[in-house]
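*Asks:* Structure, please.
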Amino acid sequence: MSSSDNTVWQACILAIVAGYADAIGFLTFGAFAGAMTGNTVLLGIALAGAQYADAAQSAIIIAAFMVGVAFSAVLGSKLPLAAVLGIEAAAIVGAALIAPHFAAPVLAFAMGLQNATMTRFSGTSLNTVVLTGNLQKMIQGFLGRFTGSPKPAQSGSAESGSAASATIAFVWLAYLGGVAAGAFADRLLAYPLLPIVALLPLALIRRPAFPNDRGIR
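*Replies:* So this is what the prediction gives:
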């Protein structure tokens, strides 16, 4: 599941799911589904303000995310990708239907599971849930073609670094689109998390859909 033959198409589908889930999480639960940096900030603010119930909720969400990562690390290599995404889909559906107090950690578990399931796309190591490091790699990879400096996004020639930067740009745009879609859904739908589940089967498609998808079997 983490092999380099995963495509940019798959990365973008997963980024849309993550952006959508983060938007719904923030608007509905007051917390992020996948952005643990933001939840850590909320945890620190709650502790400083002696808002211990809010702090406990943030801590539980962070812990649930880590459980999702651990689940993927332990069982991900033993299960087919369809099964892992099926578990993620079930968790998202569960989060859509249960009380918000419990839904936020369940959604964070789903994002932790996704975060660790696939990490390489067309030879580029990147994250489909947390984007800060991806943006750093994108800029460094882009500048590498002019400066000749090492390309953290992908080792090799300036051309390969540029391709990795393009991959990350696609993923960032996909995440942004997912956030916007989630914000609209939150205003229009009674169960805004449910539609995003339909996208997950598309992440099983390994057919190259972008120019820099190379070496796909």
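
*Asks:* can we go C-alpha only for contacts and neighbour counts from here?
*Replies:* Noted.

*Asks:* Tell me how many other residues crowd M66.
*Replies:* Per other C-alpha atoms under 10 Å, the neighbour tally for M66 reads 20.

*Asks:* In contact with it, which residues are there?
*Replies:* Residues near M66 by C-alpha atoms under 8 Å, 6 or more residues apart in numbering: F109, G112.

*Asks:* How many residues are close by the closest residue to I16 other than its chain neighbours?
*Replies:* Using C-alpha to C-alpha, 6 or more residues apart in numbering and skipping the chain neighbours, the partner closest in space to I16 is G178 (4.1 Å). Residues near G178, counting by other C-alpha under 10 Å, number 25.

*Asks:* how much space between G178 and I24?
*Replies:* In this view, G178 and I24 are 10 Å apart by C-alpha to C-alpha, to the nearest Å.

*Asks:* Show me which positions of the host helix or strand of T37 end up buried.
*Replies:* In the assignment (DSSP states H and E), T37 maps to helix 36-48. Using 16 or more other C-alpha atoms under 10 Å as the test for burial, helix 36-48 gives M36, N39, T40, L42, L43, G44, A46.

*Asks:* Give me the pLDDT value at the nearest residue to the first one once chain neighbours are set aside.
*Replies:* Taking C-alpha to C-alpha, 6+ apart, and ignoring the residues beside it in sequence, M36 has I62 as its nearest neighbour in space, at 6.3 Å. I62 is assigned a pLDDT of 95 by the prediction.

*Asks:* So I62 versus G177, what's the distance?
*Replies:* Noted for I62: a distance of 24 Å to G177, by C-alpha to C-alpha.

*Asks:* Between these two, point out the one with more neighbours.
*Replies:* Per other C-alpha under 10 Å, whichever of I62 and G177 has more neighbours is I62, with 25 against 18.

*Asks:* Quick check: buried residues in the helix or strand containing that one?
*Replies:* Taking DSSP H and E as the criterion, I62 maps to helix 52-75. For helix 52-75, a neighbour-count test (16+ other C-alpha under 10 Å) marks 54-55, 57-72 as buried.

*Asks:* Now do the helices in this structure.
*Replies:* Secondary structure of the chain by DSSP state H: the helices cover 8-24, 36-48, 52-75, 81-97, 100-117, 132-147, 158-188, 194-197.
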